[in-house]
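J.: Okay, sequence plus prediction incoming.
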Amino acid sequence: MGCNLSQEQIDRAIAFHGHWCPGLAIGLRAAEWTLRELGRAEDEDIVAVVETDMCGVDAIQVLTGCTLGKGNLIHVDHGKMAFSFHRRGDGKSARLVFEAERLGGGPDPEYSALNQKMMLGQATPEEKARVKAFREDWARRVMAAELDEVFQVKAAGPIPPHARIMASFKCDVCGERAMESRTYRLLGQTLCRPCFEARERRV
């Protein structure tokens with residue numbers, strides 16, 4: 001049966017992200033699971049915790065209503081294709097983990113080699129076309145599979161707290177204001193993170 005999202009939803013995510021790719025397809029399927037199981041966030045009632053900054057996060061923002069600006073999309077930099085979703089009202093939650101092996105995939109030596117050449121700017125037009133074909137096939141497989149084939153569903157961690165509005169303090173070095181929780185006290189001064197890290201490097 002595969003993906004149940006409408007073409008309008010898919011097109012909206014592609015327009016927001018800027019192109020079609022396997023990463024966006026993975027995010028679309030995570031968003032599909034969330035809409036089916038938890039609904040769409042009206043405000044901050046649903047929270048997403050994403051463990052990657054890959055393409056799929058854009059699809060999650062567009063379709064689920066969980067956004068960085070509202071504070072109900074939280075990026076935790078684990079470098080994993082894993083997405084947790086929480087519904088505050090009843091505590092229902094899950095962590096979706098994508099593993100290529102579940103779709104019969106995994107690292108392909110030819111694709112890995114060609115992709116490396118692409119990143120180095122050394123791929124021929126034929127090799128670029130081959131990489132594009134690999135990506136299109138992979139995206140098609142992600143969209144055609146059942147959700148329980150795409151993701152391993154695991155228990156999620158605790159529900160993150162609501163986003164907080166904090167005071168901002170002026171950095172004594174650069175003079176710019178920074179959120180209170182992102183400032184540091186050092187030798188009697190209040191420092192923003194960049195100035196604190198620069199000072200640490202000189203010590």
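T.: Received, thanks.

J.: Need the distance between the two termini of stretch 100-112.
T.: 14 Å (CA to CA, to the nearest Å).

J.: so how far is that stretch from its chain's centroid?
T.: 21 Å (CA atoms, centre = their mean, to the nearest Å).

J.: and what of stretch 166-175?
T.: 30 Å.

J.: ends of that stretch, how far apart?
T.: Terminal-residue distance, stretch 166-175 (CA to CA): 18 Å.

J.: So what touches that stretch?
T.: Here stretch 166-175 makes contact (CB atoms under 8 Å, 6 or more residues apart in numbering) with 176-181, 183, 189-192, 194-195, 199. To be clear about C-beta, it is placed using only N, CA and C from the backbone, and glycine gets the same treatment.

J.: Can you say which of those residues are buried?
T.: Buried members of those, counted by 16 or more other CB atoms under 10 Å: 178, 183, 190-192, 195.

J.: how close does His162 get to Lys70?
T.: 10 Å (CB to CB, to the nearest Å).

J.: Show me which of these two is the more surrounded one.
T.: The neighbour count for His162 versus Lys70, taken as other CB atoms under 10 Å, is higher for Lys70 (14 against 10).

J.: Now the more buried one: phi and psi?
T.: phi -80, psi -20 (degrees, to the nearest 10).
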